[in-house]
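Participant: Sequence plus the predicted model coming up.
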Amino acid sequence: MTAAVAEGPTPQQPITPAYARALLLLTQGHQAKDAAAATGVALGHLVALARQQGWEIHSTTQRATDPNRENFTPVLAPDLQALAAQFIGRPRVVEDLDEPAEPYNASELLAAAAECDDRQVQAALDRARKAMEKLHTLFTEAEERRIAAAQLEAAKQTAADRVATLKLELAAAEEKAKALGVPKRTPSGDRERDRAIRAWAKAQNLGIGDFGRIPGHIRDQYDAAHPTA
């Protein structure tokens, strides 16, 4: 009544979480081919493992039965149930086979592929891991550039905000100084002009001191006497 699909794993070969999960699916009434597809294991090895549990796989229905149990329903040993719980991949067997199974995401697919002993799958897995490593490196570098650019923009904005604040503070201080009658300090070029005005005013006996504010009428007279000054 059973289907001899392929030679199974040797008794020394440990049962992996993927195979334990596939056996558990068999106890839930799923076909052997669906259980193998859901967990990424080899169908022949799965059938051989089922036989090691004392089960039979019907050649037509591909479902497992246990001739040693009254209701013929296979039961997975507790230690294998615990091992099946370690399987990372998501079971892809569905109750309604007319509906498409949910696809694996990237991490689940890599984990399931690692449990598969197919050579082509393992070769593709190796290439995928290398591609993932390269992707991780490129993404990390891109993120570092993005963060650096964001930090630079934040620093520029902080500096601009500080300049604006200082301008406001300076304007407020000038207004306060003006209200208190504090003379506004002039740039060095203006100081040179003031010295020239004082020297001219003294030569004209206009009565001006060495310090203090230069009266407006003296500036006007100096400007009139020096049109290009």
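Facilitator: Structure's in. What do you need?
Participant: for the chain, what spans make up the strands?
Facilitator: In the chain, the strands defined using DSSP state E lie at 56-57, 64-65.
Participant: okay, and the helix or strand of the protein with the least pLDDT?
Facilitator: helix 106-114 (a mean of 76; mean pLDDT, DSSP states H and E).
Participant: for it, packing partners?
Facilitator: helix 119-180 (3 or more CB pairs under 8 Å, 6 or more residues apart in numbering; DSSP states H and E). All C-beta atoms are positioned from the backbone trio N, CA, C, and that covers glycine.
Participant: starting at the chain centroid, how far to the helix it packs on?
Facilitator: Centroid displacement of helix 119-180 relative to its chain, using CA atoms, centre = their mean, to the nearest Å, is 15 Å.
Participant: Numbering from 50 from now on, please.
Facilitator: In the new count, where the first residue is 50, that last one comes out as helix 168-229.
Participant: relative orientation of it and helix 155-163 in degrees?
Facilitator: 160 degrees (axes from the mean of the first three to the mean of the last three CA atoms, to 10 degrees).
Participant: Give the rounded mean pLDDT of helix 168-229.
Facilitator: Taken as a whole, helix 168-229 has a mean pLDDT of 91.
Participant: Packing partners of it?
Facilitator: Going by 3+ CB pairs under 8 Å, 6+ apart, helix 168-229 lies up against helix 155-163.
Participant: buried ones in the helix it packs on?
Facilitator: By 16 or more other CB atoms under 10 Å, the buried positions in helix 155-163 come out as 157-163.
Participant: Please apply the same query to stretch 174-187.
Facilitator: 174, 177.
Participant: now for the buried residues of helix 155-163, which pair is the farthest apart?
Facilitator: Glu157 and Ala163 (10.8 Å; CB to CB).
Participant: What sits closest to Arg112 if chain neighbours are left out?
Facilitator: Gln80 (5.9 Å; CB to CB, 6 or more residues apart in numbering).
Participant: list the contacts for the one you found?
Facilitator: Each residue near Gln80 by CB atoms under 8 Å, 6 or more residues apart in numbering is listed here: 110-112.
Participant: Neighbour-wise, which one of those residues leads?
Facilitator: Ranked by the number of neighbours (other CB atoms under 10 Å), the contacts of Gln80 place Gln111 first, at 19 neighbours.
Participant: That residue contacts Ala84, doesn't it?
Facilitator: No - here Gln111 does not reach Ala84: they are 9.1 Å apart, not a contact under CB atoms under 8 Å.
Participant: thinking again about what came up before, columns distance to Arg268 on top of the buried residues of helix 155-163, output as JSON lines?
Facilitator: Shown next, in JSON lines, are the buried residues of helix 155-163 (distance: CB to CB, whole Å):
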{"residue": "Glu157", "distance to Arg268": "86"}
{"residue": "Leu158", "distance to Arg268": "86"}
{"residue": "Leu159", "distance to Arg268": "84"}
{"residue": "Ala160", "distance to Arg268": "87"}
{"residue": "Ala161", "distance to Arg268": "91"}
{"residue": "Ala162", "distance to Arg268": "90"}
{"residue": "Ala163", "distance to Arg268": "90"}
